[in-house]
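J.: sequence unavailable; structure follows:
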């Protein structure tokens with residue numbers, strides 16, 4: 001009988017030790033990688049509100065311009081401050097085109113295309129910067145998810161072992177004529193503990209991002225250290241394609257509609273970082289992807305503008 005009690009106490013001790021060990025592993029992880037700082041290039045834009053284009057007044061545009069370019073294209077040209085050159089180009093094209101006018105037209109086109117090409121590079125550079133942050137978040141989210149799956153597997157195996165061990169001990173005690181209820185109770189409680197741990201299995205990881213363009217998208221400052229004046233003005237221009245809100249506002253509205261996050265999560269996403277879960281890291285990657293998509297859309301309009309100018 002004393003041996004039976006000793007085995008029961010030993011089993012219960014193992015149950016408690018296993019449970020405490022599993023609980024103790026739920027902590028904030030650290031992630032060591034040389035890739036975690038590569039998205040910080042040290043290159044930033046420094047301009048003021050005065051460097052941005054003034055509000056566009058469509059009533060002051062020529063009919064020749066509005067008939068040759070769509071609204072999005074006109075806003076893009078205005079963000080690049082190219083409308084005076086385009087107006088001049090259209091005026092020359094409508095004339096008889098003397099040799100001087102042909103040379104002037106050629107020079108104007110070269111100046112315009114040079115500005116378009118530079119803007120294309122700026123868009124690509126900004127997109128690459130955002131893409132780097134997105135890949136970084138996905139990489140760490142994957143690392144954390146693997147840790148969670150490993151711990152979940154460990155808890156599942158532990159629950160199976162507890163059940164099997166309890167069944168064996170209960171059978172042994174029953175054969176010896178000893179009541180096995182305490183073994184069944186301990187086994188049931190332990191399996192319930194492990195089941196709860198599996199359902200509440202969550203780890204966090206320290207993840208920082210001193211450079212955070214999501215913050216600029218969220219708050220909408222007049223200028224951005226990450227985007228050039230032309231790109232930032234274009235993203236914040238309202239009434240593009242007769243829409244009431246800007247492309248940046250549309251992006252943020254999508255985040256609010258399809259993404260639900262607490263105040264603490266909001267502070268992390270749009271601040272300098274914190275203790276992230278894998279789900280929140282994945283959410284951050286998706287938000288970066290949506291911001292990047294809006295910026296890349298500028299390239300399509302940029303191409304349309306270039307093709308339209310080539311026909312002039």
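T.: Sure thing, it's come through. Treat the numbers as computed from the prediction; the structure is a model and nothing was measured.
J.: show me which residues of stretch 222-230 are buried.
T.: For stretch 222-230, a neighbour-count test (16 or more other C-beta atoms under 10 Å) marks 223, 224, 226, 227, 228, 229, 230 as buried. From N, CA and C alone the C-beta is placed, and that goes for glycine too.
J.: neighbouring contacts of that stretch?
T.: With C-beta atoms under 8 Å, 6 or more residues apart in numbering as the contact definition, stretch 222-230 has outside contacts at 44-49, 51-53, 79-81, 119, 122, 126, 129, 211, 213, 216, 232, 235, 295.
J.: start and end of that stretch, how far apart?
T.: Chord length of stretch 222-230, first to last residue, is 12 Å (C-alpha to C-alpha, to the nearest Å).
J.: just stretch 65-77 next, same as before
T.: End-to-end span of stretch 65-77 (C-alpha to C-alpha): 11 Å.
J.: thinking again about what came up before, which of the contacts of stretch 222-230 are buried?
T.: Among the contacts of stretch 222-230, those buried by neighbour count (16+ other C-beta under 10 Å) are 45, 52-53, 79-81, 119, 122, 126, 129, 211, 213, 216, 232, 235, 295.
J.: hmm, which two among the residues you listed are most spread apart?
T.: 81 and 211 (27.1 Å; C-beta to C-beta).
J.: ranges for the helices of the protein?
T.: 2-24, 63-68, 71-79, 83-93, 99-175, 181-199, 213-219, 229-236, 247-258, 263-269, 278-310 (DSSP state H).
J.: now for the second one, which elements pack on it?
T.: Helices and strands in packing contact with helix 63-68 are listed as helix 83-93; criterion 3 or more C-beta pairs under 8 Å, 6 or more residues apart in numbering; DSSP states H and E.
J.: list the buried residues for the helix it packs on?
T.: By neighbour count on 16+ other C-beta under 10 Å, the buried set for helix 83-93 is 83, 85, 86, 89, 90, 92.
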